[in-house]
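> Give me coordinates for this.
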Amino acid sequence: MSTQATQQKIARPFLKWAGGKNRLIQQYIPYFPPEFTTYYEPFLGGGALFFHLLPKTSILTDINAELVNAFREVRDEVEPLIAFLHKHQMNHSKEYYYCMRLMHISTPLERAARFIYLNKTCFNGLYRENSKGEFNVPIGKYKNPKICNAALLRSVSAALQSAQIDVRPFEAVLESAWTCQDFVFFDPPYHPLSPTSNFTAYSRNSFNEADQIRLRDVFVELARRGVKVMLSNSDCLFIRNIYGDFKIHEISASRMINSNAKKRGKISELLITSY
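Okay, here's the model as predicted:
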């Protein structure tokens with residue numbers, strides 16, 4: 001096996017990401033299409049499904065420009081990126097974290113290193129922006145966070161070499177996914193189970209009920225074309241109703257992010273397929 005193939009085999013998400021699917025993939029496997037040519041992930045996040053499937057052809061997109069930039073720099077400039085992350089590792093402290101959080105950096109490489117550093121050291125790996133589009137998550141309580149995992153970043157870089165990675169809204173998938181050889185996985189911000197459980201502030205652009213309907217309409221159009229479509233979301237009446245014409249599967253997930261520890265634990269989520 002070639003060095004690149006070996007690296008690809010051990011690739012996994014390199015970012016902490018709220019709602020990441022790493023722990024759910026084993027439950028998803030029975031519902032993956034048996035074959036497809038091009039893989040699309042319009043809500044990239046941590047990219048757990050991409051790293052599990054390792055498709056030969058993929059289009060990975062997200063509206064979060066900092067996230068997309070980080071994926072691109074890992075793909076294209078992994079060794080210089082590792083060098084910057086080593087510097088962050090050496091300098092990490094509470095004061096350094098808040099200094100980096102306030103800093104505005106223009107070069108893509110340094111922006112990517114800052115993004116990964118903040119992701120590894122902020123509270124629970126959350127990504128949240130204020131109304132100005134500024135990252136505003138407080139520092140996490142980690143004794144010795146692993147900011148630079150060089151071996152993992154090299155494996156991710158190898159896995160991403162053939163991937164197209166762009167800043168695009170989810171509707172843009174309609175421009176290129178047209179046939180039964182296309183597989184689209186949507187992992188949007190989940191519809192809240194209650195008014196107090198609303199965590200759609202992934203960025204300054206919230207994801208509300210109208211957005212869920214727009215996403216459903218894109219799902220319907222892709223299914224009409226014969227595209228294989230899979231979508232994850234919360235298990236609630238609203239989501240069950242708007243996807244009532246498709247196959248709905250229940251998935252057992254763990255709720256890890258809650259200020260009240262008693263409210264963490266197992267919860268049902270939905271996996272919806274068009275095929």
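> Just say helix, strand or coil for the most centrally placed residue in the chain.
Nearest residue to the geometric centre of the chain (C-alpha atoms, centre = their mean): residue 45, 1.3 Å. At residue 45 the chain is in coil, as set by DSSP: H, G, I helix; E, B strand; the rest coil.
> Surely it and residue 17 touch.
Yes - counting by C-beta atoms under 8 Å, residue 45 does reach residue 17; the two are 4.7 Å apart. Just so you know, the C-beta spots here come from the backbone N, C-alpha and C atoms, and that holds for glycine as well.
> Count the residues that sit near residue 169.
When neighbours are defined as other C-beta atoms under 10 Å, residue 169 has 13 of them.
> any idea of the pLDDT on the nearest residue to it once chain neighbours are set aside?
Using C-beta to C-beta, 6 or more residues apart in numbering and skipping residues adjacent in sequence, the residue nearest residue 169 is residue 63, 5.8 Å away. Listed pLDDT for residue 63 reads 95.
> quick one: the helices in the protein?
For the chain, the helices defined by DSSP state H cover 3-9, 25-28, 48-53, 65-76, 78-91, 94-102, 108-121, 150-159, 209-225, 237-242.
> got those helices as CSV, with mean neighbour count and distance to residue 169 columns?
What follows is the helices of the chain, written out as CSV (neighbours: other C-beta atoms under 10 Å; distance: least, C-beta to C-beta, whole Å):
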stretch, mean neighbour count, distance to residue 169
helix 3-9, 14, 29
helix 25-28, 14, 24
helix 48-53, 21, 19
helix 65-76, 20, 12
helix 78-91, 16, 27
helix 94-102, 14, 27
helix 108-121, 21, 20
helix 150-159, 20, 25
helix 209-225, 16, 10
helix 237-242, 15, 19
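> For residue 132, find the nearest of those.
For the helices of the chain, proximity to residue 132 was assessed by C-beta to C-beta; helix 94-102 is nearest, at 11.9 Å.
> Just want the angle from the closest one to helix 108-121.
Interaxial angle of helix 94-102 relative to helix 108-121 (axes from the mean of the first three to the mean of the last three C-alpha atoms, to 10 degrees): 130 degrees.
> Packing partners of helix 94-102?
Counting contacts by 3 or more C-beta pairs under 8 Å, 6 or more residues apart in numbering; DSSP states H and E, helix 94-102 packs against helix 108-121.
> Repeat the analysis, applying 6 Å as the threshold.
For helix 94-102, not one helix or strand is in contact under the criterion 3 or more C-beta pairs under 6 Å, 6 or more residues apart in numbering; DSSP states H and E.
> Can you get me the centre-to-centre distance for it and its chain?
24 Å (C-alpha atoms, centre = their mean, to the nearest Å).
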